Structure formats: structure tokens, C-alpha cells
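Chemist: Got a sequence here, can you model it:
(2 chains)
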Amino acid sequence: MRMGQMFGRTLREAPADAETASHGLLVRAGFIQQLGAGVYSLLPLGKRSIDKIEAILREEMVKIGGQEVLMPVVNPADVWKETRRFYEIGDEMSRFHDRVGRDMVLAMTHEEVVADLTRKVIHSYKQLPLLVFHIQTKWRDDARPRAGLIRVREFTMKDSYSLDSSEEGLDTQYRAHYQAYFDIFNRCGLPTVAVLSDVGMMGGKMAHEYMYLTPIGEDTIIICDSCGYHANRQIAQFRKPEPEGGDPAELRKIETPGTTTIEELCEFLKIDASRTLKAVFMTATLVDGEEEVQKLVVAMIRGDMELNETKLANLVKAKELRPAHEEEIKAAGAYPGYGSPIGVEGALIAVDDLVPDLRNLVTGANEEGFHVENANYGRDFEADFVGDLIAAGEGSLCANCDGTLRATRAVEVGNIFKLGTRYTGSLGATFLDDNGKAQQVIMGSYGIGVGRLLACAVEEYHDDKGVIWPISIAPYEVHLVALPGGEEEADRIYENLSAKGVEVLYDDRKEQAGVKFNDADLIGVPIRVTASKRSLKNGGLEMKLRRGDDLGVVPVDDAVDKVLELKSTLEQELADRVKPVEFSD
RNA sequence: CGGGGUGUGGCGCAGUCCGGUAGCGCACCUGCUUUGGGAGCAGGGGGCCGCAGGUUCGAAUCCUGCCACCCCGACCA
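Modeler: As a prediction, the model looks like this:
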């Protein structure tokens, strides 16, 4: 590609709203342009890199038996109603009516369509197992898109769906994905860790998320450096401190004006937060048969700990959880800022499993300006649910060893999920087993966000001048710079390299050397070749890797071979990163 | 949805408080010079100042409403 003809341009300055490296650089280098909030166009450079990633995704999916399909983005709502997600999902799913008024949705994912295809196509155990995948646009009307391609509303996703007749089959396909995902990310040069993640309410059995560790990430993952344990914070296990015990003392009401937070309370009473009991008021949506009911949940945790909403939702079997409104709290007889289960009626009480072993805690009196001291579980309050409610955090004790846990930020670039029969059951996707008996097809679903992967790669590979692409996903392999006196030779090497199948971005513009070099650094193509009067005088063409290695001058006659050699070296480096990974759950 | 911020040429910004009909840098076009890390000189093109109302002789500037985009939050009780 001759740069003089290329659609797109580089910018000296990033748009003012680009706050992350990947966002700013992808815009500056001419890979993407924003159309609206969380909606981007890909320019030719961006499209080429995305195509490279998609090619890798296809190869790795086919390698584990995947067959590519393409499912529609616009779906009649019927299938979504059959699985009830039409009603369960909120504003994140966009809906509209077609001309005759039918409910339609923009697909956020494709479990429904896959299950529909399955019920139409699969009838016998002899047809299973199968793996289908597609690379398709998704629309999710995210409340808050941010950071360029890291979090967008319209995006391309590779999603694959395994179809099996047995749990063992699902397990096999799940593990195949577990490895394939590492292979995919490694081929793209992106370091990731797989962490166990929440399976949610939908009957899933196991899920892993593939995390790229970066401070700009929105997820928090918990890592133990001594035993290697890692998990999404939402489900991370940890060991709670040993309670001190002691004998229960008499419950007493104490005046504590202006202490609506644990911090203020501890300051006022000169005690440690671990001596307090914190009430967190949430409103849960519970499913009772066909009915949905809203109920106040009072979660009780030790004052120095943090509630993990996912654990609470799972414990009380809530479909949704949100912070309770003040009126809801008061209606149950509690008082915000001075809350506890004492005297509360009509609410579910959920108590962290550490609390029953704690003695003589300070907690709310449910009256403005008053707390109580010496509160004890069993005597002063009881619970509908007792279970782990605490979020692991920096400094928590590892559940598996003597280590201390570390919290770190990450971006989820992929996930794998054992769905089971959640969707095939709702849609009646069954097959006849070898006894002629109808069984529900067992599904798994597996996703990778293509644009997010690209953005994460830029986060990982850049410097203050621009991107430094891994060759596997670089828009071009060679950036050829022609400077005065080198034009003819540059034309020749451009033809020769192209003839060998090398992808060359040829800067044939009438620009100053500095402009060309800076653009080359910004765009980040891995191999740079320069032809100029000076290089020719020195015996040939200059070669340099974007990441820094200066390879000096290569004789003109050797240039093509040298480029091919460099290319294969760079490719091999990435290929060497692909190796078997032990399955970890 | 809550809070904050920003909308002025392709990009980055000034001008807004204190109303007088739009400016700077980069980019773009033409010419000459220059030619290895974002050149110099000269000339030039491009903006109904987010949109709609209102106030005023006169609005980028004041008032009202709306829209868009960005950031934070939507667990910290």
C-alpha cells in the first residue's frame, strides 16, 4: 500500500477525550474514528489488524473442530421470549418494532439463535458433539462506554457454542477452548491469565474469564503470589481471620450522634472497625414461581470488610440486587446510617458466616443518633441466610496457603462458560439418545471481543512515540520509507517484497524524513526499511525493528531475503509463546 | 440514572466573566527555497461559534429549553 493513496491520516495530537494509550494511539495513528458514544469506524489500518485477529480466531476455532456460521444481528424477539431473557435483560438490550409491529431485538449474544438452530438441525446423538462459531457484530447499550475500543456498545465478537450429548463431552470442549484461548492470545502476543468467574444465576456450572492485567481495567482480580491462586474478585475465596471469642455482655443502647459511617463511628467511640457490625441494605428481585417480588435484604458484615454483591445475590438467590432506597429501609423499621437487623421486620436477613463467631459488636440501633454495643448473633438477631458475603481484597488471607492476596485491575478479553441446558431446555433443543429417549442438548458458550483484544494489545505494546505491533496482528509487516535519492530503489524493493507476499506499507509521500519516521513509529509496523541516497551510499537499505533493534545497512540484493528472515524470526517468537497450559479450576 | 465537565475550521486551543459580527498553533492548497527525526518564506482556502427559542439596535458572549460527547459514580452503608 502506498501511503500517498491510503484512506486515513495520522494526527500529531490525540483527541482531548482520549485518556488511555490505546484510545489515543489508535486514533492518532489512523486506525479508528469515533462516530458516537461507544461506536467506532475502522479505517483501513484498523480493519487490517482486526482481520489478522479474526484470521487467528478462525484458525484456532477450526483447529478444535469449529464450523463457522453466521447468525443475524437482528432477531425476532420470539426466541428471546422463549428463554425469558427478553424480560430479564434491562436497557442493555435494544428493542424495536418492525413494520407490522412485531417485537424485534438487536442481539447481544447468540445463545438463543444457536439453540434455535440446534432444535431445527440436531435430532440424534449421532450428530453430536458439534462446535459452531461465528464472528459477528454485537450491540449492547452499555450505560457507560469508555476508553476507546476497551468498552464500546457496538463491537465484534467471536462467539462459539459447543453442543454435546453428555457432561463429559461438554467438559472436553470446554477444556479445548481453555487451551485454544491461551493459544489465540499468545499468538496475538497478549499476555492473559484465566481466572474462575461467577456463573451467575443461570444454572451454569463453570466459567473462566481471560484477563489482561492493566491498571486501566475495570475488573478486579485477586491473585496469590505464593500458591498461584487467582480468581475474579466477585467469587474469590479467602480465609477469614480467627474471631476472638469471649462471653456475651449485656446489650446496651448508646448515643452516637452524627456517625452514619463506620469510619465516623469508630472515630467517635475510639474502637477498631473490626469491633463493629455493618448493615448493608439492598433491594433484591426474587423470583417466586412466575412472580417477581422486590424484597429488602439486610446484609450484615464485620465493619472492616466489604460486601460482595455477587455472593449476596447467590446466597439469597436474587435475580437482581441494587442498593435500597432510604424509604425502603425505613419501611422495614431500620434507619440508614444506624442500621442493623434488630427490630427489623419483613426483610431478609443475610449474615456473613464470620459474624456468628464474633462477640459484643457495635451495630446500629435503627434510630437516628444511636447504636447498640455488645450485639451478639443468635441472642440479639438471627438470620434467614448465613454464608460468605465478603469481597476478597488487597491483603486478604489466601484460602489455600499461608500467602496474602493481591488485588489487581484487568480487562476481560474472553470468557468460556459451561451453560448446560439453560437455553436448549427453554427452546426445546433435544436429541434422541441411544435408547431412543429425548435429552436436552448440553451447551457451552465461549466469547472473545475482537476490538478489545486489539486495544489491549496496544496497551501492552506501545511507547511514547506510538504502537509497537506484534507482527501477527500488525496492519503491515514492513514499513518502507523512501527518502530522496532512494525512490527508485524503494519502488523496486516494494515490488519485490510484494511479489513474495510480504505486506508492505510504502511511504512514497513527499514528506520530510522526520515526518515519515515519526509516522512510522506512530503506526508501529514491526519492520522498517529505509531507502535513501545515504543508505545506498552506505551499501544498501537500512533496516530497523520498531521495538528498537537497529540492523544496520543491508545490501540491496540481500534485502528481500533479510526481510523474510526478520519476518520469520518475529513470527517464531510469537509462535514460541504457544504452549500447553495446565487446566486450572 | 445521579454528579462534574466540554461543545468555536480536520486536530489542539484562546475569545464568553465585561455583548459590537471570530482568532492562534498544527493540518490543508499554490509558489520558491530546504531535504535523515514533525523545515523556512510568501500567498491562499475553510467555521451561520452544538441545536432551537428568547432578551437586545446588535449575541460565540446574557437567559430558557434541548442535543451531543467525555470523566466519576451507580457496594463503602
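
Chemist: make it CA atoms for all contacts and neighbour counts henceforth
Modeler: Will do.

Chemist: Assign a three-state SS to the residue lying closest to A:Asn538 once chain neighbours are set aside, would you?
Modeler: For A:Asn538, the nearest residue in space outside its immediate sequence neighbours is A:Val553; the separation is 7.0 Å by Cα to Cα, 6 or more residues apart in numbering. State at A:Val553, reduced to three classes by DSSP: H, G, I helix; E, B strand; the rest coil: strand.

Chemist: Spell out which parts of the stretch 351-500 of chain A neighbour RNA strand B.
Modeler: Taking Cα under 7 Å from any atom of the strand, the part of the stretch 351-500 of chain A that reaches RNA strand B is made up of A:483-484.

Chemist: how about the helices in the stretch 351-500 of chain A?
Modeler: With helices called from DSSP state H, counting those that start in this stretch, the stretch 351-500 of chain A shows them at A:422-427, A:450-460, A:487-499.

Chemist: where in the stretch 351-500 of chain A is pLDDT low?
Modeler: Within the stretch 351-500 of chain A, no stretch has pLDDT under 70.

Chemist: Just want the residue of it that's nearest RNA strand B.
Modeler: Distance from RNA strand B to each residue of the stretch 351-500 of chain A (Cα to the nearest atom of the strand) is smallest for A:Pro484, at 5.6 Å.

Chemist: ok, back up a step: wait, isn't the residue nearest to A:Asn538 in contact with A:Gly539?
Modeler: Yes: with contact taken as Cα atoms under 8 Å, A:Val553 and A:Gly539 are classed as touching, separated by 6.6 Å.

Chemist: quick one: which of those two has more around it?
Modeler: Shown here are A:Val553 and A:Gly539; by other Cα atoms under 10 Å, A:Val553 has more neighbours (19 against 13).

Chemist: State the distance from the more buried one to A:Ala559.
Modeler: A:Val553 sits at a distance of 9 Å from A:Ala559 (criterion: Cα to Cα, to the nearest Å).

Chemist: Please apply the same query to A:Met443.
Modeler: Summarising the geometry, the distance separating A:Met443 from A:Ala559, computed by Cα to Cα, is 52 Å.

Chemist: show me the contacts for A:Tyr461.
Modeler: For A:Tyr461, the contacting residues are A:467-470, taking Cα atoms under 8 Å, 6 or more residues apart in numbering as the criterion.

Chemist: Give me the subset of these lying in strands.
Modeler: Using DSSP state E, A:Val467 are the members of the contacts of A:Tyr461 that sit in strands.

Chemist: export the contacts of A:Tyr461 to TSV and tack on neighbour count?
Modeler: Written out in TSV, the entries for the contacts of A:Tyr461 read as follows (neighbours: other Cα atoms under 10 Å):
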residue	neighbour count
A:Val467	28
A:Ile468	24
A:Trp469	27
A:Pro470	26
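
Chemist: Find the closest residue to RNA strand B in chain A.
Modeler: Counting by Cα to the nearest atom of the strand, chain A gets nearest to RNA strand B through A:Gly514 (2.7 Å).

Chemist: Can you tell me the SS state at that residue?
Modeler: Here A:Gly514 takes the helix state, with states given by three-state DSSP.

Chemist: and for A:Val553 and A:Ala559, which residues touch both?
Modeler: A:Leu541.

Chemist: what comes into contact with stretch A:315-330?
Modeler: A:201, A:281-287, A:296, A:309, A:313, A:335-336, A:350, A:385, A:387.

Chemist: Next: stretch A:526-536.
Modeler: The list of residues contacting stretch A:526-536 from outside it, by Cα under 8 Å, 6+ apart, reads A:468-471, A:474, A:477-487, A:489-490, A:520, A:540-547, A:553, A:563, A:566-567.

Chemist: Can I get the buried part of these as one ChimeraX selection?
Modeler: A single ChimeraX command selects the buried members of those (16 or more other Cα atoms under 10 Å):
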select /A:468,469,470,471,474,477,478,479,480,481,482,483,486,487,489,490,520,540,541,542,543,544,545,546,547,553,563,566,567
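
Chemist: How about the residues of the stretch 1-150 of chain A by RNA strand B?
Modeler: Residues of the stretch 1-150 of chain A found near RNA strand B, taking Cα under 7 Å from any atom of the strand as the criterion, are A:10-19, A:36-38, A:143-147.

Chemist: now do 6 Å
Modeler: With the criterion set to Cα under 6 Å from any atom of the strand, the stretch 1-150 of chain A comes near RNA strand B through A:12-17, A:36-38, A:143-147.

Chemist: For those residues, name the two members farthest from one another.
Modeler: A:Arg12 and A:Ala143 (31.2 Å; Cα to Cα).

Chemist: Isn't A:Val411 up against A:Asp219?
Modeler: Yes: the pair A:Val411 and A:Asp219 qualifies as a contact (Cα under 8 Å) at a distance of 6.1 Å.

Chemist: Comparing the two, which residue is more hemmed in?
Modeler: When A:Val411 and A:Asp219 are compared for neighbours, A:Val411 comes out ahead with 24 against 18, by other Cα under 10 Å.

Chemist: helix, strand or coil for the nearest residue to the more buried one once chain neighbours are set aside?
Modeler: The shortest distance from A:Val411 to any residue other than its chain neighbours is 4.5 Å, reached at A:Gly217 (Cα to Cα, 6+ apart). In three-state terms, and counting by three-state DSSP, A:Gly217 is coil.

Chemist: Next: the one 10 residues further on.
Modeler: The three-state label for A:Cys227, taken from three-state DSSP, comes out as coil.

Chemist: Run a quick neighbour tally on it.
Modeler: 15.

Chemist: Chain neighbours aside, what residue packs nearest to it?
Modeler: Nearest-residue entry for A:Cys227: A:Cys401, 6.5 Å, with adjacent residues in sequence omitted and distances by Cα to Cα, 6+ apart.

Chemist: So the one you found is in contact with A:Tyr229, correct?
Modeler: No: A:Cys401 sits out of contact with A:Tyr229 when judged by Cα under 8 Å, with a separation of 9.1 Å.

Chemist: Pick out whichever of these two has more residues nearby.
Modeler: Between A:Cys401 and A:Tyr229, counted using other Cα under 10 Å, the more crowded position is A:Tyr229 (21 against 14).

Chemist: how much space between that one and A:Glu327?
Modeler: Counting by Cα to Cα, the separation of A:Tyr229 from A:Glu327 is 42 Å.

Chemist: Next: A:Ala16.
Modeler: 42 Å.

Chemist: who's more crowded, those two?
Modeler: For A:Ala16 versus A:Glu327, neighbours defined as other Cα under 10 Å are more numerous around A:Glu327 (11 against 7).

Chemist: ok but that one is inside a helix, no?
Modeler: Yes: the secondary structure assignment for A:Glu327 places it in a helix, going by three-state DSSP.

Chemist: Tell me the pLDDT of it.
Modeler: The per-residue pLDDT reported for A:Glu327 equals 71.

Chemist: do A:Trp139 as well
Modeler: Confidence for A:Trp139, expressed as pLDDT, is 91.

Chemist: Verify the stated contact: it with A:Glu154.
Modeler: Yes: at 4.6 Å, A:Trp139 counts as touching A:Glu154 under the criterion of Cα under 8 Å.

Chemist: rewinding a little: show me the contacts of stretch A:315-330 that map onto helices.
Modeler: With helices identified by DSSP state H, the entries of these that belong to them are A:309, A:313.

Chemist: which residues sit against stretch A:70-85?
Modeler: Here stretch A:70-85 makes contact (Cα under 8 Å, 6+ apart) with A:86-87, A:102-107, A:110, A:112-113, A:116, A:133-138, A:423, A:426-427.
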